[in-house]
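# structure, please.
(one chain, ligands or ions: 2)
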Amino acid sequence: MEHETPNYGDYQLEVYLRGLTGVREDLPFTFAELEARAHATLPPDIVSYVAGGAGNEYTQNANVTAFDRWGVIPRMLVGAARRDLSINLFGMALPTPLLLAPIGVIGLCAQDGHGDLATARAAATSGVPMIASTLTVDPLEEVAAQFGETPGFFQLYNPKDRAVAESFVSRAEAAGFKGIVVTLDTLQLGWRPRDLKLGNFPQLKGHCLANYFSDPVFRTKLAKPPEEDVRAAALVWASELSDPTLNWNDLAWLRSLTKLPLLLKGICHPEDAKRAIDGGIDGIYCSNHGGRQANGGIPAIDLLPTVVEAAGGAPVVFDSGVRGGEHIVKALALGASAVAIGRPYAYGLALGGEDGIVHVLRSLLAEADLLMAIDGYPTIADLNPDALHARA
Ligand SMILES: Cc1cc2nc3c(=O)[nH]c(=O)nc-3n(C[C@H](O)[C@H](O)[C@H](O)COP(=O)(O)O)c2cc1C
Ligand SMILES: CCCCCCC(=O)C(=O)O
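Numbers count the residues shown, from 1 in each chain. Ligands and ions are numbered 1, 2, ... in the order given. Got it, this is the predicted structure:
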């Protein structure tokens, strides 16, 4: 069988031979080191914003440790010398099962403040699609212009004014985004003690909301343009960003926003997944927002299998707690069609800009690929719940 994708595990040899291959020596190989070094590099308010979760961060931490309940069962002599990590998502051939989760104002993790553009360039280099947040620092058109051949997705926070939502989606379509993700778990901001302690939420300063402020329909709501009164514009943004009354009766309207593949993010209950698919939504994004929104919840990975079953074959993207290659393999085995990476790439950006993100992605893919090689699961189709052993 011809395999078109490379063995991502080959990054291991490139790293060992870094004197010859030019791989950067200053970038870490574990999430623990990545996080510690990024926290030492970033300003305290950005650390608090990126690292923080809701409440005492029980759910945020459990998202990660819940993966330990599962072990990949090794199979021998199955012929796993070559692996194929490619997937097809909504008719798009992608070289890997990874996506870059939407991270609002991730631009601020880059030294020049334009980390959205660096992320989009990393997406182009690695073939891993970026899901650009509504809250990119740079206008979505400038972000999309960096994607090259890699498709991009646009994530919508549904504003109170439907005309603003329609404006964002039509701008995203015109800019060439290939799918729309509507986030449902953030109709209101969660209780985030780290940010509360610092009295800090970066968006409220307004200087990082250029995408929002570039929207022609949003601008009609402002007494003065943001260039003249950024603080007042940020307060209008805060009161308009999200419509907390959004409900299932609005599903038909959400569907009418676009003919592009449409996903709902934040779905963790099988009945919600079924209702969405029955209502014409194309895909489910199973996530608890990395534990940033509701504390005390169940780890997202524990809810993935029933969501996949209820989705009835529609694609299910998963995120929350993915920190290593083993987590990617386990999420795929539990039925995810694609796995999105959140905080790890924000930290890669902080440490190494575009190179840092590419390094994080290549490391995660190498670890996943080598696990599939060593444990005898050469393709994603080979990964299913039978590949996993659940500890009691
Ligand atoms: C700093 C930060 C900002 C985020 N901003 C958004 C956003 O704008 N839109 C969105 O849908 N999700 C947002 N998320 C949630 C991520 O898309 C994703 O669900 C989460 O990061 C996954 O958890 P993990 O980072 O612990 O793996 C954000 C997450 C972080 C860490
Ligand atoms: C009212 C919603 C603000 C969300 C800001 C970005 C985000 O999603 C986050 O987790 O932070």
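# tell me the phi and psi of Ile284?
phi -110, psi 140 (degrees, to the nearest 10).
# was I right about it contacting Leu263?
Yes - here Ile284 reaches Leu263: they are 6.7 Å apart, a contact under Cβ atoms under 8 Å. (C-beta placed from N, C-alpha, C; glycine too.)
# between those two, what contacts are shared?
Residues within reach of Ile284 and of Leu263 at once, by Cβ atoms under 8 Å, 6 or more residues apart in numbering, are Pro315, Val317.
# what about those two, which has more around it?
Taking neighbours as other Cβ atoms under 10 Å, Ile284 and Leu263 compare with Ile284 leading, 30 against 26.
# that one and Ala223: what is the separation?
Distance, Ile284 to Ala223, using Cβ to Cβ, to the nearest Å: 40 Å.
# ok, Thr150 next?
40 Å.
# neighbour-wise, which of these two wins?
The residue with more neighbours, out of Thr150 and Ala223, is Thr150; 21 against 9, by other Cβ under 10 Å.
# Asn63 against Asp302, yeah?
No - applying Cβ under 8 Å, one finds Asn63 not in contact with Asp302, separated by 9.3 Å.
# between those two, who's got more neighbours?
Using other Cβ under 10 Å, the more surrounded residue of Asn63 and Asp302 is Asn63, with 29 against 17.
# sticking with the more buried one, tell me its helix or strand.
Under the criterion of DSSP states H and E, Asn63 resides in helix 58-65.
# buried residues, the helix or strand that that helix is followed by. List them.
Next helix or strand after helix 58-65 toward the C-terminus (DSSP H and E): strand 70-72. Buried residues in strand 70-72, counted by 16 or more other Cβ atoms under 10 Å: Trp70, Val72.
# tell me the strands beside strand 70-72, with direction?
Counting by DSSP bridges, the strands paired with strand 70-72 are strand 388-390 (antiparallel).
# can you tell me the average pLDDT over the partner strand?
In this model, strand 388-390 has an average pLDDT of 98.
# ok, stretch 27-41 next?
The average pLDDT for stretch 27-41 rounds to 98.
# also stretch 85-100?
Here the average pLDDT along stretch 85-100 is 98.
# quick one: terminal-to-terminal distance for that stretch?
End-to-end distance for stretch 85-100: 16 Å, by Cα to Cα, to the nearest Å.
# likewise for stretch 214-223?
End-to-end span of stretch 214-223 (Cα to Cα): 15 Å.
# what does it rub up against?
Under the contact criterion Cβ under 8 Å, 6+ apart, stretch 214-223 has outside partners 139, 159, 161, 163-164, 166-168, 171, 212-213, 225-226, 229, 232-233, 236-237, 240.
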